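>>> Starting from these lines, generate the structure:
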Amino acid sequence: MMSSMRLHSVLVIGFLFFALLQLGYGQSIGSSPAPAPSSDGAAIDQGIAYVLLVVALAITYLIH
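Modelled structure (predicted):
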């Protein structure tokens, strides 16, 4: 039972990691000029914080 749950959690984490890696390829098709920055970096910081929070939660789940 525990190994089955661990396998599922590893699969879910792997899928999320794969999805995050694919985000960089979404806008690389067009060769239009870069738009003006629309944020001051706060959104990027918040996104990184959410990713780190999910990683910490997954590690905590796997350890316990």
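>>> what about the one helix or strand Tyr50 maps to, average pLDDT?
For Tyr50, the host element (DSSP states H and E) is helix 42-63. For helix 42-63, the mean per-residue pLDDT is 89.
>>> Identify the spatial nearest neighbour of the most centrally placed residue in the chain, chain neighbours not counted.
Residue closest to the average C-alpha location in the chain (CA atoms, centre = their mean): Leu20, at 4.2 Å. If the residues on either side of it in the chain are set aside, Leu20 comes closest to Val51, at 7.0 Å by CB to CB, 6 or more residues apart in numbering. Placement of C-beta: from N, CA and C, glycine included.
>>> sorry, back to before: what helix or strand is the residue nearest to the centre of the chain located in?
Residue-wise, Leu20 maps onto helix 2-22 under DSSP H and E.
>>> Now that helix: buried residues?
Ile13 (16 or more other CB atoms under 10 Å).
>>> Alpha carbons only: can I get that helix in PDB?
This file holds the C-alpha atoms of helix 2-22, laid out as PDB (Å, rounded to 0.1, in the frame of the first residue of the first chain):
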ATOM      1  CA  MET A   2       2.700   2.400   1.000                       C
ATOM      2  CA  SER A   3       4.800   1.700  -2.100                       C
ATOM      3  CA  SER A   4       1.800   2.200  -4.300                       C
ATOM      4  CA  MET A   5       1.100   5.600  -2.800                       C
ATOM      5  CA  ARG A   6       4.800   6.500  -3.100                       C
ATOM      6  CA  LEU A   7       4.800   5.500  -6.800                       C
ATOM      7  CA  HIS A   8       1.700   7.600  -7.500                       C
ATOM      8  CA  SER A   9       3.200  10.600  -5.700                       C
ATOM      9  CA  VAL A  10       6.500  10.200  -7.700                       C
ATOM     10  CA  LEU A  11       4.500  10.000 -10.900                       C
ATOM     11  CA  VAL A  12       2.500  13.100 -10.100                       C
ATOM     12  CA  ILE A  13       5.600  15.100  -9.200                       C
ATOM     13  CA  GLY A  14       7.300  13.900 -12.300                       C
ATOM     14  CA  PHE A  15       4.300  15.000 -14.400                       C
ATOM     15  CA  LEU A  16       4.300  18.500 -12.800                       C
ATOM     16  CA  PHE A  17       8.000  18.800 -13.300                       C
ATOM     17  CA  PHE A  18       7.600  17.800 -17.000                       C
ATOM     18  CA  ALA A  19       4.800  20.300 -17.400                       C
ATOM     19  CA  LEU A  20       6.900  23.100 -16.000                       C
ATOM     20  CA  LEU A  21       9.800  22.300 -18.300                       C
ATOM     21  CA  GLN A  22       7.400  22.500 -21.300                       C
END
